[in-house]
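> can't give you the sequence, but here's the structure:
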């Protein structure tokens, strides 16, 4: 018998595990001769595709990885100083290898059944505890999709809490110094709810307006400035206005906690705690608030109980979505958890502990201060008075483009503001004093080359400035309260201790490494190992979402192909890849239908009044809720 020299494993055979003998037995049991006959007898001809789908030919796993590596090579990973809530980070190798790359963690089902999810539930309660401690709030949920979504949830939750003279208020004030992507999400989410957004200067807003029910402030602000909002929040509270603060967990190891300023809600992203930027996601957001609002908080809350034998047990203590409680009592239907990413962030906190996080934060602050002082001594104007990781440099408009070109030539990205004459510089844990030297060089000679001798001079200049770096913030802005005092954050600081702790938690869970999980859910999936390998490639994980498109040609090609294939499969004319969960996709679809009806001059009410019909893929839950992670 001739040997099959061109034999290659087929991906679907390895991935699905079906054998010809198994298929034949199933067909015989059903009473049909072939799969084609089965389809003919079960799927009406009127909805079957009239012709084969035109997509690219299948590849072996080896071919896929080789081609995908070439695609990744089309991305250019520059050093990012863009900021805006996204930062480069060092994912500890022990977490990278044993969480993100470990199917024991990434194939586990949503932790509804506490008995087989004690490991993840403990990791999630660590996340909640870390968030509560750093924000100073009394309660926190187990994560949300992203900072923009969390801010939108704060807007809607505070809207539901209106009372007294503000009961009929419909305006939510948003500081113009919030991150622009957060403002964009708020605009989208506010419109169908009839909430008016007032975007402006928090220092001049008229809080006596009876129409304002809530505020959203950024801390630190998107331009890097650190404001003490204590008096503003106190004034708002006296007038019956709620306040939400979008903040940065790493900064809160140095800065006063939002709760200590009187805030009602704190939201933000945990991305910089060990989760790669990934060209924008996915990342875990957080939502923290007062205990009195726990029945209105979006998402899920993990709690601790004592079981029948007196042992500590974790469980989902509260979920305020409509598939879990009465619809009229539900809060949000589009709030999705990011379990794997929040687990990573929590383990980052466990591994570094409060002292380690503070050390990282001080170094980030120190590099920022070093850069500010150096640029000021070189004659540049810095807008910021107080800051944490970001400064804004004033630069003549005619020099902006020259700076951009020279910076990109050495693979550095700054933030260039739409208004002429400003450049943002943000630091993170991945930056060093060598990067500060490079910044001095670029700003001193915009668009000009420096000699080796001049480069050495910059190094000496930086070292001389570094001798005087210390925290220079007002006492009212400096954190004095303790945080992360629980033993879990003060024990596992060596690699072997951390490895054992994560393995201990992993062994408490059921995942697809142990068994199939017999649930026909829209969340039940197994990503093949070959598909997971590129997730940790630097070419995909190291790109800032606001990097120039020319640096993300690999991503662009990937998106273009995926959109084309989805259009071919679905028969639609266009596809959006923007939604990052099933619920967000459904919401985007509803908003598209709403816009279409409005464009035609028709009312969307008759359609939206029927969108809560049962959804079979959610096992009788509602169509607005297909959003588990």
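Yep, it's here. Remember, predicted model here, so these are calculated numbers, not experimental data.

> can you tell me the helix or strand for the spatially most central residue of the chain?
By C-alpha atoms, centre = their mean, the chain has its centre lying nearest to residue 283, at 2.7 Å. Residue 283 belongs to no helix or strand when elements are defined using DSSP states H and E.

> So it sits against residue 273, correct?
No - when contacts are counted by C-beta atoms under 8 Å, residue 283 is not listed as touching residue 273 (9.4 Å). In short, each C-beta sits where N, CA and C put it, glycine included.

> Quick one: residues contacting the closest residue to residue 390 other than its chain neighbours.
In space, residue 390 comes closest to residue 224 once its chain neighbours are excluded; the distance is 3.0 Å by C-beta to C-beta, 6 or more residues apart in numbering. Residues near residue 224 by C-beta atoms under 8 Å, 6 or more residues apart in numbering: 83, 368, 384, 387-392, 424, 426.

> roughly how far apart are residue 224 and residue 351?
Note on residue 224: its distance to residue 351, by C-beta to C-beta, to the nearest Å, is 28 Å.

> What does the closest residue to residue 192 other than its chain neighbours show for phi and psi?
Excluding the flanking residues, the one nearest residue 192 by C-beta to C-beta, 6+ apart is residue 594, at 6.5 Å. Dihedral angles of residue 594 (phi, psi; degrees, to the nearest 10) stand at phi -60, psi -50.

> Just the pLDDT for residue 594.
pLDDT for residue 594: 88.

> what about the helices in the stretch 201-350 of the chain?
Applying DSSP state H, counting those that start in this stretch to the stretch 201-350 of the chain gives helices spanning 230-238, 258-261, 339-377.

> hmm, who's touching the shortest one?
So the one you mean is helix 258-261. Looking at helix 258-261 with C-beta under 8 Å, 6+ apart, the contacting residues turn out to be 135-138, 219, 228-230, 233, 245, 247, 252, 266, 481.

> need those residues in CSV with distance to residue 473 and pLDDT, can you?
Formatted as CSV, the contacts of helix 258-261 follow (distance: C-beta to C-beta, whole Å; pLDDT from 0 to 100):
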residue, distance to residue 473, pLDDT
135, 18, 98
136, 17, 98
137, 22, 98
138, 26, 98
219, 13, 98
228, 10, 98
229, 14, 98
230, 14, 98
233, 19, 98
245, 17, 98
247, 15, 98
252, 13, 98
266, 19, 98
481, 15, 98
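
> May I ask which two of those residues are separated the most?
Of all pairs drawn from those, the widest gap by C-beta to C-beta lies between 138 and 228 and measures 21.7 Å.

> where does residue 205 fall, phi/psi-wise?
According to degrees, to the nearest 10, residue 205 has phi -60, psi 140.

> my guess is it contacts residue 199, does it?
No - in this structure residue 205 lies outside contact range of residue 199 using C-beta under 8 Å: 10.0 Å.

> So for those two, which residues contact both of them?
Joint contacts of residue 205 and residue 199 (C-beta under 8 Å, 6+ apart) are residue 173.

> With neighbour numbers in mind, choose between the two.
Comparing residue 205 with residue 199 by other C-beta atoms under 10 Å, the one with more neighbours is residue 205, at 18 against 15.

> which residues touch the more buried one?
Residues near residue 205 by C-beta under 8 Å, 6+ apart: 173, 198, 212, 215.

> With distance to residue 125 and neighbour count as extra columns, can I get those residues in a markdown table?
Listed next are the contacts of residue 205 as a markdown table, based on distance: C-beta to C-beta, whole Å; neighbours: other C-beta atoms under 10 Å:
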| residue | distance to residue 125 | neighbour count |
| --- | --- | --- |
| 173 | 34 | 24 |
| 198 | 37 | 14 |
| 212 | 36 | 23 |
| 215 | 30 | 25 |
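
> which of those sit farthest apart?
So, the contacts of residue 205 by C-beta to C-beta: farthest apart are 198 and 215, at 9.5 Å.

> Identify the contacts common to the two.
The overlap between the contact sets of residue 198 and residue 215 (C-beta under 8 Å, 6+ apart) consists of 172-174, 205.

> Strands - which of those residues land there?
Judged by DSSP state E, the subset of the shared contacts of residue 198 and residue 215 located in strands is 172-174.

> for the shared contacts of residue 198 and residue 215, which one is nearest residue 414?
Closest approach between those and residue 414, by C-beta to C-beta: residue 174, at 25.2 Å.

> Please list all residues in contact with residue 116.
By C-beta under 8 Å, 6+ apart, the contact set of residue 116 is 509-510.

> gap between it and residue 391?
49 Å.

> sorry, back to before: now the residue nearest to the centre of the chain: closest residue in space that isn't a chain neighbour?
Nearest to residue 283 is residue 271, by C-beta to C-beta, 6+ apart, at 3.9 Å.

> rewinding a little: could you flag which of the contacts of helix 258-261 are buried?
Buried members of the contacts of helix 258-261, scored by 16 or more other C-beta atoms under 10 Å, are 135-137, 219, 228-229, 233, 245, 247, 252, 266.

> I appreciate the help and will end here.
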